[in-house]
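Predicted coordinates and the sequence they were generated for:
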Amino acid sequence: LTMMSAKALLATLLLSAASAWQAPQQVSDNARRSLLVNAPIFAVSSFATVANASTDTSNLKFTTSNSGLQYADVKEGSLSTPSPTDGQTVSIDYVMSTTGARYGSKIYSTVDAGAPYRWKLGDGSTIPGLEEAVKGMNPGGIRRVIIPSKLAYQSSSSTPISIIQECESGKGLGPVPPIETAVGEFQRFKNIYCNPDRQYQPDLVMDVKLYGKRN
């Protein structure tokens, strides 16, 4: 390729990608997932942020569970320590992103905030997709998960108003950017995942690092 033709090709690819993300109502969920799964780096803060190390994510191989959760392990955890189970408290760092934002994908990062997310598995406080993802990990592992709306926040026109109100106030299922210390990030989250007027709820994308479990 000549220098001019290479530049023209790159411009065409960038324009096509931008069009796909900036007009989500015109792109099927499957198309968005395909773009995401095949992207070398999707989140603005990649696994390198979660792991505090440079990590190549260009060759991730995703697995789809029976529930519809998609996941790919970037780093295997300690096989000498079993995966966490219901009733145990777990601690994770995560970068939360979305497939449905017009102006960038990243929503919130616990690493940036210096505040890992902790909860007791099975206590009903956390979205099912993240619980399922963590139960399949070992401490020290890093995993990218793509969580469909049915396993996430599920805000739609048919969602009970009480659930919508909890989501809008930051008191619904976690994880949620803390409204007290991350006002902008919470507003961004709310506009995407607590909005019953959206034509669709986009997939949630999380880069997760699991720390040692606690009883």
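Cool, the structure landed.

so what's the closest residue to residue 168 other than its chain neighbours up against?
Leaving aside its chain neighbours, residue 168 sits nearest to residue 194 (4.7 Å; criterion: C-beta to C-beta, 6 or more residues apart in numbering). Yep, even glycine has a C-beta here, placed from its N, CA and C like the rest. Residues touching residue 194, when contacts are defined by C-beta atoms under 8 Å, 6 or more residues apart in numbering, comprise 153, 155, 164, 167-168, 172.

Helices of the chain, residue ranges please.
Defined through DSSP state H, the helices belonging to the chain, from first to last, are 3-22, 29-37, 47-51, 110-113, 128-135, 161-168, 183-193.

which one in the contacts of residue 194 is the model shakiest on?
pLDDT across those is lowest for residue 155, at 59.

if I look at the closest residue to residue 121 other than its chain neighbours, how far off is residue 120?
In space, residue 121 comes closest to residue 86 once its chain neighbours are excluded; the distance is 4.9 Å by C-beta to C-beta, 6+ apart. In this view, residue 86 and residue 120 are 8 Å apart by C-beta to C-beta, to the nearest Å.

from what I can see residue 167 touches residue 190, true?
Yes - Residue 167 is in contact with residue 190 according to C-beta atoms under 8 Å; the separation is 7.2 Å.

which one of the two has more residues nearby?
residue 167 (22 against 19; other C-beta atoms under 10 Å).

ok, that one - contacts?
By C-beta under 8 Å, 6+ apart, the contact set of residue 167 is 153, 155, 173, 176, 190, 193-194.

Check residue 120 too.
87-90.

Who wins on neighbours among the residues you listed?
Highest neighbour count within the contacts of residue 120, by other C-beta under 10 Å: residue 90, with 25 neighbours.

Enumerate the beta-bridge partners assigned to it.
Here residue 90 sits in beta bridges with residue 119, going by DSSP bridges.

Next: the one 4 residues further on.
According to DSSP bridges, the partner residues bridging residue 94 are residue 208.

Repeat that for residue 73.
On the basis of DSSP bridges, residue 73 is bridged to residue 143.

pretty sure it is touching residue 140, no?
No - Residue 73 lies out of contact with residue 140 (C-beta under 8 Å); the separation is 11.3 Å.

can you list the contacts of residue 120 in CSV and add pLDDT and distance to residue 144?
Shown next, in CSV, are those (pLDDT from 0 to 100; distance: C-beta to C-beta, whole Å):
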residue, pLDDT, distance to residue 144
87, 96, 26
88, 95, 23
89, 96, 23
90, 96, 17
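
Distance to residue 61 for those - can I get that in TSV?
Formatted as TSV, the entries for the contacts of residue 120 read as follows, by distance: C-beta to C-beta, whole Å:
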residue	distance to residue 61
87	31
88	28
89	30
90	25
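
which stretches of this protein have low pLDDT?
1-58, 101-104, 155-158, 213-215 (pLDDT under 70).

and residue 83, how far is that from residue 173?
Distance of residue 83 to residue 173, computed by C-beta to C-beta: 22 Å.

cool, residue 191 as well?
17 Å.

neighbour-wise, which of these two wins?
For the pair residue 191 and residue 173, the greater number of neighbours falls to residue 173 (18 against 12), based on other C-beta under 10 Å.
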